[in-house]
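Student: prediction below, plus the sequence it came from.
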Amino acid sequence: MMGTSTYGIGIWGLLLNIIIIFLVVWVTVTLLNKSGSAGSENNERLARVEKDVEDIKKMVQDIKEKLDEI
């Protein structure tokens, strides 16, 4: 049984093991990068929403003032 591996015999099994390990590492790194960048996108989106809310509050206040004048 010398030279055998889980997926085959000799060099082909070794190459297959290396490819599987590479794929697992690549998927893990990709998922970690996506989760890390999502945080900064959420912060930017939250800042934009807060700015929009402040603008809407200002517009509503202006409309109230104009209605009170009428």
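Tutor: Sure thing, it's come through. Numbering: from 1, shown residues only.
Student: what about the protein, any weak spots by pLDDT?
Tutor: 1-9, 35-41 (pLDDT under 70).
Student: which parts of it are helices?
Tutor: 11-69 (DSSP state H).
Student: now find how far off-centre stretch 19-39 is within its chain.
Tutor: In terms of C-alpha atoms, centre = their mean, to the nearest Å, the centre of stretch 19-39 is found 11 Å from the chain centre.
Student: oh, I was asking about stretch 54-70
Tutor: Worked out by C-alpha atoms, centre = their mean, stretch 54-70 lies 39 Å from the chain centre.
Student: equivalent analysis for stretch 46-56, please.
Tutor: Centroid separation for stretch 46-56 versus its chain: 23 Å, with C-alpha atoms, centre = their mean.
Student: list the buried ones in that stretch?
Tutor: Buried residues in stretch 46-56, counted by 16 or more other C-beta atoms under 10 Å: none are found. C-betas here are computed from N, CA, C, even on glycine.
Student: so what touches it?
Tutor: If you take C-beta atoms under 8 Å, 6 or more residues apart in numbering as the criterion, stretch 46-56 is touched by no other residue.
Student: return the alpha-carbon coordinates of that stretch using PDB.
Tutor: What follows is stretch 46-56, C-alpha atoms only, in PDB (Å, rounded to 0.1, in the frame of the first residue of the first chain):
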ATOM      1  CA  LEU A  46     -26.300  54.300   7.700                       C
ATOM      2  CA  ALA A  47     -24.700  57.700   7.400                       C
ATOM      3  CA  ARG A  48     -26.600  58.400   4.100                       C
ATOM      4  CA  VAL A  49     -29.900  57.300   5.700                       C
ATOM      5  CA  GLU A  50     -29.200  59.500   8.800                       C
ATOM      6  CA  LYS A  51     -28.500  62.500   6.500                       C
ATOM      7  CA  ASP A  52     -31.700  61.800   4.500                       C
ATOM      8  CA  VAL A  53     -33.700  61.700   7.700                       C
ATOM      9  CA  GLU A  54     -32.300  65.000   8.800                       C
ATOM     10  CA  ASP A  55     -33.200  66.600   5.400                       C
ATOM     11  CA  ILE A  56     -36.700  65.200   5.600                       C
END
